[in-house]
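Chemist: Can you look at this prediction? I've put the sequence above it.
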Amino acid sequence: MQRRPNILLIHCHDLGRHLACYGAKTVNSPRLDWLSARGVTAERMFASAPQCSPSRASLFTGRWPHSNGVMGLTHADFAWDLHEGERHLASRLHEAGYHTELIGVHHESRVKDDASIAQDLGFDSVRTGGAAPEVAERTNSALDRLAAHDQPFYLQVGFHEPHRIPGRQDPPGIQGFIGDHMEPDDSLGVEIPPYLRHDASAREEIAELQGAIRCMDAGVGQILDRLDALGLTDDTLTLFTTDHGLALPRAKCSLYDPGLEVAFIAHWPGGGWTGGRRLTDLLANVDVVPTLLEALDLTEGEAAPRIQGRSFLGLLDGREDAEGRTEIFGELTYHDYYDPRRCVRTERYKLIANFSSAPGFMDPSQSWQHRCTAVDAGLGHEDYHPSVELYDLHADPVELDNLAERPELTPVRAELLAQLTAWMQEGSDPLLHGAVAGPLHHRTMDALRAPHTEAGS
């Protein structure tokens, strides 16, 4: 049997599609632009969730967060974890004969020590943490070692940048993007996304974000250079993606498009994934696992829970009869706090169902003081969730004009609500049966019960 390709999967935090190759004119991202120009770029891929752990859990299992168990953050007392029996991509590839390693960010299952993560997810080796230069250096050392063996490898590399990072450069009450190892970048100017107000403080913050992206891009470039120097590029299936949108108001932690949009670039010369092709179909990151399994001619297997994503291998291969999705779904349950929301998006419409009266969008700034401000902040009734939101994405791409109560759109609303309900039922979404309690709730309940148990013994 022909040797299967290596897999290099690079991901980062909080990027959305904020790269020059996606039209962000003031962002310095030459190495990812280079990869896009030589590979295949998905222009409209969306995350399953607009926050870190749930989206990554979908990316690496092929299953929706409400099905795989990760409906909130996996670190500290947030403590969400994959359900017992869920299978990570590393586990599937290890079983197929791959050497599997993780370097850098791990955030898709309960955060533990490196050895426990390796055992839980199916990695031969795990080394978490590190800023972009260190992650790139570790990855290149791993490539040097792996190139000397005939066994195919799966190397999962996670960059923390451009997540917000506290540092000495931050003004009081603000957590910026540059920590202590980066600088702002306005060398090409600063372009403010259309869902944010244009002012001096926004330009300051976006310059920091651009600096963090430039740092991450440089780290990716170091890895791509080493891959090429070792003669591994042709036989390595290289993927780059991120978890969700930018850590800015109305993006991360919201179900509007800026919260769910993600970059996805694939390059595999040996498989024909070349030429700078652009895919314009609707795609979801839950589709990545089944796509890889089909590309490698691996079966899903009977033991694990059913993969819920759909392969888009035909699109990557350039087949004329291949099609993407007619709709994508997204969800938010917990992040900083409980804010259950579900959505369905088609080519033209976005419908969001809200299950709490929380503020209109969760604040992802991790700061007491804010610099960027959403264009619709402070509009009275829009400050809190209505039951249902409906947007015409052709007429209103920034999703500001809620049309849910328009009589002429009653049929559209009804159809989308039916699609959303069917999706939630198919995946046994616990939200259908009432409020969802998180791990900390259960831990606190155990603490409340403990004194009573002792008193009665």
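Modeler: Thanks, I have it. Numbers count the residues shown, from 1 in each chain.

Chemist: Would you map the helices across this structure?
Modeler: With DSSP state H, the ranges of helices along the chain come out as 30-38, 52-61, 65-68, 89-95, 114-121, 132-146, 200-229, 257-260, 288-295, 313-317, 410-426, 439-455.

Chemist: for residue 346, what are its contacts?
Modeler: Applying CB atoms under 8 Å, 6 or more residues apart in numbering to residue 346 gives the contacts 282, 326, 327, 416. From N, CA and C alone the C-beta is placed, and that goes for glycine too.

Chemist: That one and residue 428, how far apart?
Modeler: Look at residue 346 and residue 428: by CB to CB, to the nearest Å, they are 24 Å apart.

Chemist: Residue 374 too?
Modeler: Residue 374 is 34 Å from residue 428, by CB to CB.

Chemist: Looking only at neighbour counts, state which of the two leads.
Modeler: The neighbour comparison of residue 374 against residue 428 (other CB atoms under 10 Å) goes to residue 374, with 23 against 11.

Chemist: beta partners for the more buried one?
Modeler: Applying DSSP bridges to residue 374 yields these beta-bridge partners: residue 196.

Chemist: Tell me the pLDDT of it.
Modeler: Residue 374 carries a pLDDT score of 92 in this model.

Chemist: That one against residue 361, yeah?
Modeler: Yes. Between residue 374 and residue 361 there is a contact under CB atoms under 8 Å: 6.9 Å.

Chemist: Where does the prediction get shaky in the stretch 301-450 of the chain?
Modeler: Across the stretch 301-450 of the chain, the ranges flagged by pLDDT under 70 are 302-303, 378-382.

Chemist: What ranges does it have for its strands?
Modeler: Secondary structure of the stretch 301-450 of the chain (DSSP state E, counting those that start in this stretch): strands located at 328-334, 338-345, 349-354, 388-392.

Chemist: Packed most tightly, which of the ones you listed would that be?
Modeler: strand 328-334 (a mean of 26; mean count of other CB atoms under 10 Å).

Chemist: Relative to that strand, what are the paired strands and their orientations?
Modeler: If you go by DSSP bridges, strand 328-334 pairs up with strand 338-345 (antiparallel).

Chemist: contact partners of the strand it pairs with?
Modeler: Outside strand 338-345, the residues that touch it by CB under 8 Å, 6+ apart are 46, 253, 255, 257, 260, 282, 327-333, 350-356, 358, 362, 385, 393, 416, 419-420, 423-424, 429, 431, 435-436, 438.

Chemist: Quick one: work out the angle between that strand and strand 349-354.
Modeler: 160 degrees (axes from the mean of the first three to the mean of the last three CA atoms, to 10 degrees).

Chemist: C-alpha coordinates for strand 338-345, PDB please?
Modeler: This file holds the C-alpha atoms of strand 338-345, laid out as PDB (Å, rounded to 0.1, in the frame of the first residue of the first chain):
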ATOM      1  CA  TYR A 338     -24.200  31.300  30.500                       C
ATOM      2  CA  ASP A 339     -25.600  32.800  27.300                       C
ATOM      3  CA  PRO A 340     -27.300  30.000  25.300                       C
ATOM      4  CA  ARG A 341     -27.800  30.800  21.600                       C
ATOM      5  CA  ARG A 342     -28.200  28.800  18.500                       C
ATOM      6  CA  CYS A 343     -28.200  29.900  14.800                       C
ATOM      7  CA  VAL A 344     -28.600  28.700  11.200                       C
ATOM      8  CA  ARG A 345     -27.200  30.600   8.300                       C
END
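
Chemist: Just want the angle from that strand to helix 439-455.
Modeler: 150 degrees.

Chemist: And strand 338-345, how far out from the chain middle?
Modeler: Offset of strand 338-345 from its chain centre (CA atoms, centre = their mean, to the nearest Å): 16 Å.
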